[in-house]
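**Student:** here's a sequence, model it:
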Amino acid sequence: MEAGNSVKFLDCRASLADPDLGRRAYLEGHIAGARYLSLDDDLAAAPGRGGRHPLPDPEALAAKLRTLGIDDQDQVVVYDDAGGAFAARAWWCLRWLGHEAVALLDGGLAAWPVPLTVQTPPPAPGSFSIRSPLTRIIDADRLSADLTAYVLVDARSEPRFRGDEEPIDPVAGHIPGAICRPFQENLDSNGRFRSPSVLARRFPADGDVVCYCGSGVTAAHNIVAMRHAGLPEPYLYPGSWSEWIRDDDRPRATGPDG
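**Tutor:** Here you go, the predicted structure:
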């Protein structure tokens, strides 16, 4: 970070079961100066054919970041209380809009050593602007045209991947040829990211890697882990399984990897 630049915190706490939980938690206590960024309202568009959490309109997200006081020169730090499951989406989205100076708070809110506050003074408007993306995206049409051209990495739990259970989406299973790398296993017993060398062994080092999950949220956690491990930027399939299953012509698989 260059001298004179500010550090800005974004609170990204969320719950798939309770869309308002993150906002309530923020109001009950947050890192001083942090602003709240909503998974459903800010980091995703409305559910539909694009899945449960389609990417937001980039201009709308940029406008939101300006209202939160984010400037182009700021070092942004995103956090949650779920091991980075939701904050990783914010990290990815800011990089999607071309903001390189964004980091995920390792260990989340539990690792913050300073007492929280309930104070929310209004920020001055920021100068955040959209720049060239630092991410890679692939859509369902391109992916389904030749699944064998990509190395697919599924961030969901193994029971969901295998199709043993599916608590959220109407169809169980995974995209054929994918491997299962649950995002929770990127963390150690203290809830911090494992070392780069350990993470590098979790993920493919070659080929066009595509990260996906149920709705494109926790897939970003695997992208954080891959970048932390020094691996190349993978693709994100934003629609993920929740979009994939909306077309009956797209193949599906159950069982273990492969």
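**Student:** when you work out contacts or count neighbours from here on, use the C-alpha atoms and nothing else.
**Tutor:** Noted.
**Student:** T117 touches A32, doesn't it?
**Tutor:** Yes - using C-alpha atoms under 8 Å, T117 is in contact with A32, at 5.7 Å.
**Student:** tell me the spacing between I137 and Y212.
**Tutor:** Per C-alpha to C-alpha, to the nearest Å, I137 is found 11 Å from Y212.
**Student:** looking at the two now, which is surrounded by more residues?
**Tutor:** Neighbours were counted for I137 and for Y212 using other C-alpha atoms under 10 Å; Y212 has more, 30 against 13.
**Student:** wait, that one touches F161, no?
**Tutor:** No - taking contacts as C-alpha under 8 Å, Y212 lies outside contact range of F161: 11.2 Å.
**Student:** mind listing the shared neighbours of those two?
**Tutor:** D154 (C-alpha atoms under 8 Å, 6 or more residues apart in numbering).
**Student:** give me the element the most centrally placed residue in the chain is part of.
**Tutor:** When C-alpha atoms, centre = their mean is applied to the chain, the residue found nearest the centroid is R89 (2.3 Å). Using DSSP states H and E, R89 sits in helix 87-96.
**Student:** which elements pack onto that helix?
**Tutor:** Counting contacts by 3 or more C-alpha pairs under 8 Å, 6 or more residues apart in numbering; DSSP states H and E, helix 87-96 is packed against strand 75-79, strand 102-104, helix 219-228.
**Student:** going along the chain, name the helices of the chain.
**Tutor:** Using DSSP state H, the helices of the chain run over 21-28, 58-67, 87-96, 140-145, 158-162, 196-202, 219-228, 240-244.
**Student:** and those helices as a markdown table, adding distance to G50 and mean pLDDT?
**Tutor:** Shown next, in a markdown table, are the helices of the chain (distance: least, C-alpha to C-alpha, whole Å; pLDDT from 0 to 100):
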| stretch | distance to G50 | mean pLDDT |
| --- | --- | --- |
| helix 21-28 | 24 | 98 |
| helix 58-67 | 15 | 98 |
| helix 87-96 | 16 | 98 |
| helix 140-145 | 9 | 96 |
| helix 158-162 | 20 | 97 |
| helix 196-202 | 29 | 98 |
| helix 219-228 | 15 | 98 |
| helix 240-244 | 5 | 98 |
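**Student:** out of the ones you listed, nearest to A111?
**Tutor:** Among those, the nearest to A111 by C-alpha to C-alpha is helix 87-96 (14.3 Å).
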